[in-house]
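Dropping the sequence and predicted coords here.
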There are 4 protein chains.
Amino acid sequence: MASENELKEQLATCARIFAMQGMLGLHGHVSVYQPETKRVLITPGSGSDKAKLQADQMVVSDLAGKAIDGKGRPPLEWPIHMALHAARPDAIAIAHLHPPYSTLFAISKREYQPITVHSSIFGEGVPLYTEPHLIETVERGAKLLEVIGNKRAAFMRAHGITVVAENLMELLHATLALENDALKTLQTDAMGGAKTLSVEECRAINKEIKLDNIAQRTWTYYSTLEARWDHQPGTGRVELFP
Amino acid sequence: MASENELKEQLATCARIFAMQGMLGLHGHVSVYQPETKRVLITPGSGSDKAKLQADQMVVSDLAGKAIDGKGRPPLEWPIHMALHAARPDAIAIAHLHPPYSTLFAISKREYQPITVHSSIFGEGVPLYTEPHLIETVERGAKLLEVIGNKRAAFMRAHGITVVAENLMELLHATLALENDALKTLQTDAMGGAKTLSVEECRAINKEIKLDNIAQRTWTYYSTLEARWDHQPGTGRVELFP
Amino acid sequence: MASENELKEQLATCARIFAMQGMLGLHGHVSVYQPETKRVLITPGSGSDKAKLQADQMVVSDLAGKAIDGKGRPPLEWPIHMALHAARPDAIAIAHLHPPYSTLFAISKREYQPITVHSSIFGEGVPLYTEPHLIETVERGAKLLEVIGNKRAAFMRAHGITVVAENLMELLHATLALENDALKTLQTDAMGGAKTLSVEECRAINKEIKLDNIAQRTWTYYSTLEARWDHQPGTGRVELFP
Amino acid sequence: MASENELKEQLATCARIFAMQGMLGLHGHVSVYQPETKRVLITPGSGSDKAKLQADQMVVSDLAGKAIDGKGRPPLEWPIHMALHAARPDAIAIAHLHPPYSTLFAISKREYQPITVHSSIFGEGVPLYTEPHLIETVERGAKLLEVIGNKRAAFMRAHGITVVAENLMELLHATLALENDALKTLQTDAMGGAKTLSVEECRAINKEIKLDNIAQRTWTYYSTLEARWDHQPGTGRVELFP
C-alpha cells in the first residue's frame, strides 16, 4: 500500500500532467481517497498555479470536507469528491475538470458515444448532470452521485466533467481518453459524422486492452514528459488582428 | 484608493496577460479611468510590443483624448474609451480588442448567447455595432455608447469587441469568459448546437458566483502565470505545405 | 532608394516573419524587384530553414530566372515571380506561399469575400488559377499573370497563393490580412456564415485606413517580435493517441 | 548500401521528427527492413519518450517478431510491420501511427480523396481496415496486408493509420502529406467541401513532382529543424475554464 506521502507525490504529478495538457488550470481539482483512514488528498483551489503543484501543497480532508492538517482548505466544489469517495468503493481517484474538448459534451445538444479503441472504457455511457451550477453543497454532491450511478464519468451542463477511477493512473488514462474522443468527435462531426463503436464492440475491446496495463504505460509516458517540461504557459502563433 | 502608479502597474499587467492569451497584439488597447481626477490611463498604440508593456509606457490622457504627460499619444481609437468612461459610472475599465474567437461574433450572422457558468454575466445580451469602420471620431464613440447602452460589451462589425467593467480585475475575467464562450460556441455549432443558458438561468448563476470574488481569483492565477512567462512569440507545429 | 544590401536585409526579415507565423516553411518563397537594375532578390528554395534566413542567403537573379551572383539558384517556381515583376509596375514585392488557411480557398469550392476591415484591400476580388500543378515554366507564369490581372492576389488550385504588393511592408501586411480572413471564414462558416463586406464597403474602408500607413505599423510590430523570437519549431499539446 | 548503424540513426531521426510534429507519442512505431539480412529495425514500444529516441534504442527483430539482439522487444503491434515487410518488396519503411488528423479518416464515415499536389501520391486510394482492434496477431497482420494490397497506406477503424514506402525519406514525406491533406479535408468540409483531385490529375502531378526528389528535400528540411528543436512538450494558450 502506498504511504500518504507517496500518494501526495502521485497526486501532484497527476495534476501537473493535466496542467501540461491544458486540461487543468485556473479551476478544476483532482483527489485520491484512502479507505483505510477515510482521508482524502485533494489539490488546492482556484488561486493556485497547477503546473507547479508540489506534494506538500496537497490538502488533507475528511469526508465532510473539513481540512485535517490545517494547511489550506479543500476547493469550493469538494462535495463532488466526497460524495463519490464515500459511496463508491471503486471511486478512489476523482478528477473534476473543465477540459477544452470533453466540456463540449456538457454544452452541446449532442450525446457522447465512443469512437476510438481507447475510449471503449466509456462504452456503458456517460450521463449528464443537467443543472447549470457549481456543486457547492452536500445536496448537489448527492444529486451528482445519483446521476453518475456506476458509470466512469459524467458531463455537467454548462460547466465541466467528473471522472472516477480505481487509482490515479487509471484516472489519468481515462480522462485523457475521454478528452481525445471529444476532440475527435468535434472534428468528425464536421466531416459527416463518425462510425461510433457499439456497446458490444466496446466490451470486446475492453477484454483485449486491459485498463490497468495501458494506464501504467500512459502514466510512465506522461510523467516522463512532465519531468522535462519547462512549465511555460505557451502562446500560439501571433494573430494579425490582434 | 489605488495611486496612479499602482493603476499603471495593474494596467500593464492586464495588457501583458491579454498578450499572453493571444488576445492583444498588433492592435487593441485597454484603459482605466480615475473619476476623481478625470484622468484616463491607456495602453499605447499599434506599434508597441504588448507582451512587454511596462507601467511607465502607459499613456495618461484627458477625456478629450489629449495626452497630459506629453509622453506618447492615446491610440487612434481613443473615442471608444473616452465616450464610455465619461458617460457610464460603471465603466472604469475598458478593453477594445480583436480576440481570435469573440471577434467571430462581430463577423458571423449568428447571435451570441451564454453557454457556460462563467459567461452568465453576459446574460442580458451583447449588442452589435453595425458599421464596419474604426471608431476614430467622437461621433462614432457616441454612437458606440448608444449601441452598448448599459450592457457589459458590444461586438463591432468586421472589427472586434469592446468590454466594460468596474475595475481591471473584472475586465480581465469578463473578457476571458466571453472569449472562452465564443470558442466553445464555434465548436458546439459544429456539433449540432449548444444548450444555451436562458436569462433566468444566467441571473440565478450570477447570484451564486459573485463576480468580484471570482475575478480576483482569475487575476491572481493569470498574473502568476504571466510573471513566469518567457514572453516568446510561439509557433505551432510545422506544416508540410508550408 | 534602398540599397541592394538593405533590400536583402528586409527580404530576409520578411521571410523570417512569415516563418514565425507558420506561413513559410519547407516550401514557398518571397521576392523583391529593383526596376532600375532589373534584378530580382529572392529567398532560396525548399531545402533551406526559413526561420533562420539571413541577408547573405538571398539569391540575386535576372528576369529570366538566371542567377547573377553565382551564389545559389532561384527556387523551382521562379516563373511566378519573374512573370509578375516584369509585367506589372506595381508588383515590386511578391510572395508565393502555402499558408495553412488562405490555401484552403485554393482547395475548397467556396469563393473568397472580405470579412474584416483589414481585408478590404482585397475587395476587388482574388481570382483562382485552376490548374493543379507547380508553376515551373515561363508559359505557366504567363498564364498566372493572365489570371491574376491587376488584382492583389490569386489562389492556385490544390496548391497555394501568390500575393503582390508595392513593397515588402505592404506585402507582409496584405498576406497576413488574407490569412487572417481565411481563418475567420473557415470559423464563421461553421457558425452559419459571415456578414461579408460589399465592394462599396471595402472601398469606403480603404479610403479611411491607408495601406502604406498600416503596413508600416504591421512591419514594426512583427519585426520587433521576430527579433526576440527563439526560433523554436514548437509543438502543441501532447495527444494521447498518439 | 546503408549500414545497420546508419539505418538506426535514420530511423531514430525519423521518429523524432514525427514526435516533433505531434504525430508520434505514447503509441505508434516506425520500422525499416533490410532485405539482404531479413532484419527489421523498429522503434521501441509505448513506454518510451519518442522525442528523445536515439539510434541505440532501436530494436532489432526477425520477421517473426523475435528480438535478435536481446535489447528490448518489438512493440505489441509488430505484426503490422512484419506482415508488410515480408510480403511487399516495396515496403522497406513502415509507419504505424495515430496522427491527429489522418486518424480522423479511420473514424469518420467520409472517404479520403487527395486535395493537394503533395497528396497526389495517394491518388490510387487508401483502403480501410474495418475491425476496431489492435493488430497483435499474425492473423490480423495478414488481414491488414490483404486490405492494403499494393496501396501506399491504410486507415484502421477507430485506431490509426499504416503507411508504407521504399525508404525512410519517402515514408516521412508521404505520411506528412497524408496528414496535411487530412487536416485540410476537415477544414474544407466546414467550408462547403473541396475540389478533389481525380485519379488522372493525380497521375499527371506524379509525373511532374518526383517522389524521391521531393522526399529528400522534405527530409533535409525537417531533420534540420529537429536538430535545433528544444524537444519541449509544449502547451497552448491557457484556457480560462480550465
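That came through, no problem.

right, and A:Tyr221 touches D:Pro44 too?
No - A:Tyr221 lies out of contact with D:Pro44 (C-beta atoms under 8 Å); the separation is 11.7 Å. Placement of C-beta: from N, CA and C, glycine included.

Surely A:Gly125 is within a helix?
No - per DSSP: H, G, I helix; E, B strand; the rest coil, A:Gly125 lies outside any helix segment and is coil.

What sits closest to it if chain neighbours are left out?
Excluding the flanking residues, the one nearest A:Gly125 by C-beta to C-beta, 6 or more residues apart in numbering or on different chains is A:Lys151, at 6.1 Å.

Give me the phi and psi for that neighbour.
In terms of degrees, to the nearest 10, the main-chain angles of A:Lys151 are phi -80, psi 170.

Pull the number of nearby residues for it.
Residues contacting A:Lys151 under the criterion other C-beta atoms under 10 Å in any protein chain shown number 14.

residues touching it, list them.
With contact set as C-beta atoms under 8 Å, 6 or more residues apart in numbering or on different chains, A:Lys151 has these partners: A:124-127.

Quick check: the gap between it and A:Arg88.
Look at A:Lys151 and A:Arg88: by C-beta to C-beta, to the nearest Å, they are 10 Å apart.

Now do the contacts for the most centrally placed residue in chain A.
Nearest to the mean C-alpha position of chain A, counting by C-alpha atoms, centre = their mean, stands A:Ala95 at 3.2 Å. By C-beta under 8 Å, 6+ apart, the contact set of A:Ala95 is A:18, A:28-31, A:161-163, A:171, A:175.

Past the helix or strand containing it, which element shows up next along the chain?
For A:Ala95, the host element (DSSP states H and E) is strand A:93-97. Sequence-wise, the next helix or strand downstream of strand A:93-97 (DSSP H and E) is strand A:128-129.

That following strand: partners in the sheet, and parallel or antiparallel?
strand A:153-156 (parallel) (DSSP bridges).

Give the other helices and strands that the next helix or strand after the strand it pairs with contacts.
Counting by DSSP H and E, the element after strand A:153-156 in chain order, helix or strand, is strand A:160-165. When contacts are defined as 3 or more C-beta pairs under 8 Å, 6 or more residues apart in numbering or on different chains; DSSP states H and E, strand A:160-165 packs onto helix A:78-87, strand A:93-97, helix A:138-148, strand A:153-156, helix A:168-189.

Export these as a markdown table, with columns for mean pLDDT.
Formatted as a markdown table, these follow (pLDDT from 0 to 100):
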| stretch | mean pLDDT |
| --- | --- |
| helix A:78-87 | 98 |
| strand A:93-97 | 98 |
| helix A:138-148 | 98 |
| strand A:153-156 | 98 |
| helix A:168-189 | 96 |
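
Now do stretch A:91-111: distance from first to last residue.
Length of stretch A:91-111, first residue to last, C-alpha to C-alpha, to the nearest Å: 24 Å.

from the chain's centre, how far out does that stretch sit?
8 Å (C-alpha atoms, centre = their mean, to the nearest Å).

Buried residues in it, which are they?
The neighbour-count check on stretch A:91-111 (16 or more other C-beta atoms under 10 Å in any protein chain shown) flags A:91-108, A:110 as buried.

which residue packs closest to A:Leu24, ignoring adjacent ones?
Among residues not flanking A:Leu24 along the chain, A:Phe18 sits closest, at 3.6 Å (C-beta to C-beta, 6+ apart).

wait, the one you found sits on A:Thr175?
Yes - if you go by C-beta under 8 Å, A:Phe18 and A:Thr175 touch, sitting 7.4 Å apart.

anything in contact with each of those two?
Shared contacts of A:Phe18 and A:Thr175, counting by C-beta under 8 Å, 6+ apart, come down to A:95, A:97.
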